[in-house]
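K.L.:
One predicted model, sequence on top.
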Amino acid sequence: MAKKSSKRPLWILLTLVVLLFGFGLMARAMGWLDAEVGTVVETATTERRSITQLVSSSGVISPEVEVVLTPDVSGEIIELTVKEGDFVNQGDLLLRIRPDLYEARIDEIQAGLLNARAREQQALATTLRAQVNYEQQKQLFERDMIPRMEYLTAKTQYEAEQANHNAAKFTVQSVEAQLRRAQD
């Protein structure tokens with residue numbers, strides 16, 4: 001009988017351990033043993049008031065139509081005829097730039113144009129002189145009075161002077177275009 005009594009407390013102890021383990025599993029499943037307290041809720045009494053929601057965000061504000069003004073020329077602004085936010089129409093005067101530099105540039109180009117025209121006249125005179133020489137050499141060559149080399153030299157000189165005259169004409173046209181652009 002002594003053996004029976006020593007097994008009894010062991011079974012009771014084992015039963016208590018199994019029951020405690022089962023109770024622990026059930027308590028954990030029910031949420032009794034979790035460390036979380038729960039959801040914190042703010043309460044207030046009911047009353048009439050406005051609900052406002054503030055939203056802050058970062059970004060870039062861009063206009064529907066962006067107008068970029070770039071001058072054709074740079075310089076010192078001496079008069080500003082509009083203010084920021086003013087409405088303007090195409091062709092309105094926005095500002096004035098000091099004209100000293102541009103007037104000097106126009107004078108410089110006009111002087112260059114006169115120089116180019118003078119060079120064109122010189123090239124024309126040289127071409128006419130080379131043409132007369134070529135005509136004379138041609139007549140002499142046709143009569144067998146000069147060697148072929150002198151005739152070819154005169155012909156080549158005349159063609160070179162014609163090309164030089166054409167180049168001078170193109171230079172005049174180029175300087176005239178520069179003058180028109182500077183005047184604009």
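P.N.:
Sure thing, it's come through. Residues are numbered from 1 along each chain as shown.

K.L.:
Would you state the secondary structure element containing residue 78?
P.N.:
Take DSSP states H and E as the rule and residue 78 turns out to sit in strand 77-80.

K.L.:
Now that strand: buried residues?
P.N.:
By neighbour count on 16 or more other Cβ atoms under 10 Å, the buried set for strand 77-80 is empty. (Each C-beta comes from the backbone N, C-alpha and C, glycine too.)

K.L.:
Extract the CA atoms of that strand and return them as PDB.
P.N.:
C-alpha atoms of strand 77-80 as PDB (Å, rounded to 0.1, in the frame of the first residue of the first chain):
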ATOM      1  CA  ILE A  77      18.600  98.200 -68.700                       C
ATOM      2  CA  ILE A  78      17.900 101.900 -68.500                       C
ATOM      3  CA  GLU A  79      14.100 101.800 -68.400                       C
ATOM      4  CA  LEU A  80      11.700  99.100 -67.200                       C
END
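
K.L.:
pLDDT of that strand, averaged?
P.N.:
The average pLDDT for strand 77-80 rounds to 87.

K.L.:
Note down every partner strand of that strand and its orientation.
P.N.:
Sheet pairing of strand 77-80 (DSSP bridges) gives strand 95-97 (antiparallel).

K.L.:
Starting from the strand it pairs with, tell me the next helix or strand along the chain.
P.N.:
helix 100-142.

K.L.:
ok so, going back, what residues does the strand holding residue 78 touch?
P.N.:
The contact list for strand 77-80, computed with Cβ atoms under 8 Å, 6 or more residues apart in numbering, reads 94, 95, 96, 97, 98.

K.L.:
so who does residue 112 touch?
P.N.:
Contacts of residue 112 by Cβ under 8 Å, 6+ apart are 175, 178.

K.L.:
Relative to residue 17, how far out is it?
P.N.:
Distance from residue 112 to residue 17, counting by Cβ to Cβ, to the nearest Å: 113 Å.

K.L.:
And residue 120, how far from residue 114?
P.N.:
With the distance defined as Cβ to Cβ, residue 120 ends up 11 Å from residue 114.
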